[in-house]
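Student: Build the 3D model from these lines:
(one chain, ligands or ions: 1)
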Amino acid sequence: MKMSSTSCHANGTEYTDVIVIGNGPSAICLSYFLSGHRPYYNGLPHSNPYLHTKLQEIGQTQTIVDQDLDYLSEGLEGRTTNPVALLFDALVHPDADMGAEIPSLLDWKKEEEHAFRHIVLGRGKVGGAWQKMDGSMQTLSLGNWMELPSVPLKEWRDRKFREGESLDPCSNRATISDVRNYYMDYVANLDLQNHFYDHHTVTSIQKVYQVRNGMDLESGEVEPCCNDIAKNHTYLWEVRGYISSADQSFEDEEDVHRREFCIQAPHVVVATGTFDIPNTLNISGEFLPHVIHSLHDFESALKSWNEIPRSTDDPVLIVGAGLSAADAILMALNANLPVIHVFRRGANDSNLIFKKLPQGLYPEYHRIHSLMKGKVVDPLYRPYEKHRLVQIDEDKRVLLENTKGNDITTVDVTIAVILIGSRPNLSFLPEEGRSLGVDPQHPINSKNNTLDVDLFSYESVKHKGLFSMGPLVGDNFVRFGIGGALGVTNYLVKNRKKGNPCC
Ligand SMILES: Cc1cc2nc3c(=O)[nH]c(=O)nc-3n(C[C@H](O)[C@H](O)[C@H](O)COP(=O)(O)OP(=O)(O)OC[C@H]3O[C@@H](n4cnc5c(N)ncnc54)[C@H](O)[C@@H]3O)c2cc1C
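Tutor: From the prediction side, this is the model:
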């Protein structure tokens, strides 16, 4: 019999075992695990002799989820500092960083008796950040690095191609819309849909202590059962928020009539990513209507380009030297629009992301880098290296200053597109989650102040029952972010074996 995701209390509050906040790839992978899909070693060799020996010890009859992850992941190194993420990646993409395309070392079995009741709450549709990116752009990663357990992205793309959808199965890199559709299909085809509550925005999380008040027999007054409630009682996490209607776009979500929800659970996993709030320059004119802070908005602007009032030849101003800025330049040049590109670093700065991308795989980003350096010239593109945007006027004139501060240039532009990174929106956590961070003095970010979690269980070191995964704990690529699902499930399984309540 299928397990229902929640049960309902008499007061209307829903109850479940695990609430996952966010519905991107991290959450989807966790839902797959929590639905009772369990990984088993399939006997293929691994090039790391220590890991290989440990896998032989486990054999093919015990699931990886029940293992000691500290022991199994010991000594693994790679592009994240989270050992369980490295372990999961080593098992599903062996030697990927060396360019190998070796099949996964895991087989999956569905064992419903090991499932956990859970729900996944997401502000928009399933797919997380992939729902908000420009669909036609290619991904940064190789296709298979974005895939989820047991469904190779390549096989999915081949099938879609055969079914007549216009995908290019020969390209190593999928487009953003391929990945987005793959995630949506994954949830639908693996029967995870019942767990996913789309268009549910979480606005608060708080502890609710399970206190049984006593009645004073003489006075009839209700008295708390003890003085130190926090010490003597267990608690549930209460997650509150609102539901918005499915046909709304992200932009008008604020204005609609909202229905509220309240759900309680002993475990909450925060998988809300770090792309919700675009960074700003904090300069005069930054919020004028012709200023844009996301690729998604730039894509929409391009679609209605002819409606933008402008002088014919005024360029698009693009600020930033990351991949989103590069994507915006590509989009503008593809649309035959003149671009001026402003970035603070020198074009040869060794910290620029372009320096870290192999040329053969990312020719379009290398072209942008060559344009930035002046090695390639395009009459539509003009770089302003070592410059910053300091002012935007209502009449669309912008002021650029060189980083030495001794030269100002004015330019008339059509629109200004500022793409200088983003940060998470953790407004649903007390103090925006600062107290849960590695450095509580500063806001949470994915680079140097992540949420502080146990390396193996992903549980907050500050609060029991609160977990996090994905970029919020420093796993910035899908490949690593999904590994958190193994850590969280491993903890929940151990907890259940100990006979702890609610699981
Ligand atoms: C332009 C761009 C290109 C990228 N390219 C690649 C790439 O090529 N390869 C790669 O591996 N990674 C890439 N990434 C990173 C990748 O998107 C992330 O690693 C991945 O999406 C993280 O998954 P997640 O599930 O943890 O979070 P997300 O995908 O960010 O999903 C979290 C979701 O939670 C929602 N949410 C936030 N707050 C709430 C709330 N209060 N209530 C309900 N829901 C909420 C968010 O709106 C979001 O939809 C790229 C990112 C960007 C921005």
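
Student: Hmm, residue 152 is touching residue 144, no?
Tutor: Yes - using CB atoms under 8 Å, residue 152 makes contact with residue 144 at a distance of 6.6 Å. C-beta coordinates here come from the backbone N, C-alpha and C atoms, glycine included.

Student: Settle it for me: which of those two has more neighbours?
Tutor: residue 144 (17 against 14; other CB atoms under 10 Å).

Student: buried sites along stretch 405-414?
Tutor: Neighbour counts over stretch 405-414 (16 or more other CB atoms under 10 Å) mark 411, 413-414 as buried.

Student: Please apply the same query to stretch 427-438.
Tutor: By 16+ other CB under 10 Å, the buried positions in stretch 427-438 come out as 428-429, 432-434, 436-437.

Student: One more: stretch 143-155?
Tutor: For stretch 143-155, a neighbour-count test (16+ other CB under 10 Å) marks 143-150, 153 as buried.

Student: all helices for the stretch 151-300 of the chain, in order.
Tutor: For the stretch 151-300 of the chain, applying DSSP state H, counting those that start in this stretch gives helices covering 153-162, 176-189, 229-232, 295-303.

Student: So which bits of the chain are right by the ligand?
Tutor: Applying CB under 6 Å from any ligand atom, we find that the chain lies next to the ligand at 21-27, 121-124, 128-129, 133, 139-141, 145-146, 201-202, 271-273, 275-276, 324, 425, 428, 470-471, 476-479, 481.

Student: Apart from its chain neighbours, what residue comes closest to residue 366?
Tutor: Distances taken as CB to CB, 6 or more residues apart in numbering place residue 359 nearest to residue 366, at 5.1 Å, with adjacent residues excluded.

Student: With residue 206 as the reference, measure out to residue 197.
Tutor: Remark: distance between residue 197 and residue 206 (CB to CB, to the nearest Å) = 19 Å.

Student: the more surrounded of these two?
Tutor: Counted by other CB under 10 Å, residue 197 and residue 206 do not tie: residue 197 has more neighbours, with 20 against 13.

Student: Pull the contacting residues for the more buried one.
Tutor: Listed by CB atoms under 8 Å, 6 or more residues apart in numbering, the contact set of residue 197 reads 119-122, 243.

Student: can you list these in TSV and add secondary structure, neighbour count and pLDDT?
Tutor: Compiled in TSV, those are given as follows (DSSP: H, G, I helix; E, B strand; the rest coil; neighbours: other CB atoms under 10 Å; pLDDT from 0 to 100):
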residue	secondary structure	neighbour count	pLDDT
119	strand	23	98
120	strand	27	98
121	strand	26	98
122	coil	25	97
243	strand	16	95
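
Student: Could you work out the most separated pair of those?
Tutor: 120 and 243 (13.9 Å; CB to CB).

Student: Around the residue in the stretch 351-500 of the chain positioned nearest to the ligand, how many other residues sit close by?
Tutor: Per CB to the nearest ligand atom, residue 470 is where the stretch 351-500 of the chain lies closest to the ligand, at 2.3 Å. For residue 470, the neighbour count with other CB under 10 Å is 36.

Student: distance of the spatially most central residue of the chain from residue 470?
Tutor: With distances taken as CA atoms, centre = their mean, residue 273 lies nearest the centre of the chain, 3.5 Å away. Going from residue 273 to residue 470 by CB to CB gives 6 Å.

Student: I'd say residue 15 and residue 4 touch.
Tutor: No - using CB under 8 Å, residue 15 is not in contact with residue 4, being 10.8 Å away.

Student: Please identify which of these two sits among more neighbours.
Tutor: Neighbours were counted for residue 15 and for residue 4 using other CB under 10 Å; residue 15 has more, 16 against 10.

Student: ok, residue 283 - contacts?
Tutor: Going by CB under 8 Å, 6+ apart, residue 283 touches 389-392.

Student: Tabulate those residues (CSV), appending secondary structure, neighbour count and pLDDT.
Tutor: Below are those laid out as CSV (three-state DSSP; neighbours: other CB under 10 Å; pLDDT from 0 to 100):
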residue, secondary structure, neighbour count, pLDDT
389, strand, 26, 98
390, strand, 15, 97
391, strand, 16, 98
392, strand, 24, 98
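
Student: For these, which two are the farthest from each other?
Tutor: The distance between the two most remote of these (CB to CB) is 8.9 Å, for 390 and 392.

Student: Need the overlap of contacts for the two.
Tutor: Residues touching both residue 390 and residue 392 (CB under 8 Å, 6+ apart): 283, 399.

Student: which sections of the stretch 201-350 of the chain are below the confidence cut-off?
Tutor: Flagging of the stretch 201-350 of the chain using pLDDT under 70 yields the residue ranges 211-218, 220-232, 246-257, 308-312.

Student: Do a quick rundown of the strands in it.
Tutor: For the stretch 201-350 of the chain, the strands defined by DSSP state E, counting those that start in this stretch occupy 214-215, 222-223, 235-243, 259-265, 267-270, 277-278, 291-292, 316-319, 339-343.

Student: from the stretch 101-250 of the chain, which residue is nearest to the ligand?
Tutor: Closest point on the stretch 101-250 of the chain to the ligand, by CB to the nearest ligand atom, is residue 128, at 2.3 Å.

Student: how about the closest residue to residue 482 other than its chain neighbours, phi and psi?
Tutor: Among residues not flanking residue 482 along the chain, residue 29 sits closest, at 3.8 Å (CB to CB, 6+ apart). Residue 29 adopts backbone torsions of phi -60, psi -40, taken as degrees, to the nearest 10.

Student: for the one 5 residues further on, same thing?
Tutor: Listed backbone geometry of residue 34 is phi -70, psi -20, with angles given as degrees, to the nearest 10.

Student: wouldn't it be in contact with residue 116 here?
Tutor: Yes - at 4.5 Å, residue 34 counts as touching residue 116 under the criterion of CB under 8 Å.

Student: So which of these two has more stuff around it?
Tutor: Here residue 34 and residue 116 are compared on neighbour count by other CB under 10 Å; more neighbours surround residue 34, at 27 against 24.

Student: dump the residue contacts of that one.
Tutor: By CB under 8 Å, 6+ apart, the residues touching residue 34 are 18, 115-116, 118, 195, 489, 492.

Student: Out of these, which is nearest to residue 169?
Tutor: Using CB to CB, these come closest to residue 169 at residue 195, 30.2 Å.

Student: Mind checking the pLDDT average for stretch 480-496?
Tutor: For stretch 480-496, the mean pLDDT works out to 97.

Student: show me where pLDDT drops low in the stretch 401-503 of the chain?
Tutor: Within the stretch 401-503 of the chain, the stretches with pLDDT under 70 are 500-503.

Student: now the helices: where do they sit in it?
Tutor: All helices of the stretch 401-503 of the chain, identified by DSSP H, counting those that start in this stretch, fall at 478-481, 484-497.

Student: Could you say which of those helices is packed most deeply?
Tutor: Highest mean neighbour count of these: helix 478-481, a mean of 26 (counted as mean count of other CB atoms under 10 Å).

Student: Any chance you could list what contacts that helix?
Tutor: Contacts to helix 478-481, defined as CB under 8 Å, 6+ apart, come from residues 25-26, 29, 78-80, 82, 85-86, 88-89, 93, 96, 141, 145-146, 469-471, 475.

Student: if you look at those, which of them are in helices?
Tutor: Among the contacts of helix 478-481, DSSP state H puts 25-26, 29, 85-86, 88-89 in helices.

Student: can you give me how far stretch 478-496 is from the chain middle?
Tutor: With CA atoms, centre = their mean, to the nearest Å as the basis, stretch 478-496 stands 16 Å off its chain's centre.

Student: where's residue 267 relative to residue 491, distance?
Tutor: 9 Å.

Student: joint contacts of those two?
Tutor: Common contact partners of residue 267 and residue 491 (CB under 8 Å, 6+ apart): residue 467.

Student: Distance from stretch 42-60 to the middle of the chain?
Tutor: The chain centroid and the centroid of stretch 42-60 are separated by 30 Å under CA atoms, centre = their mean.
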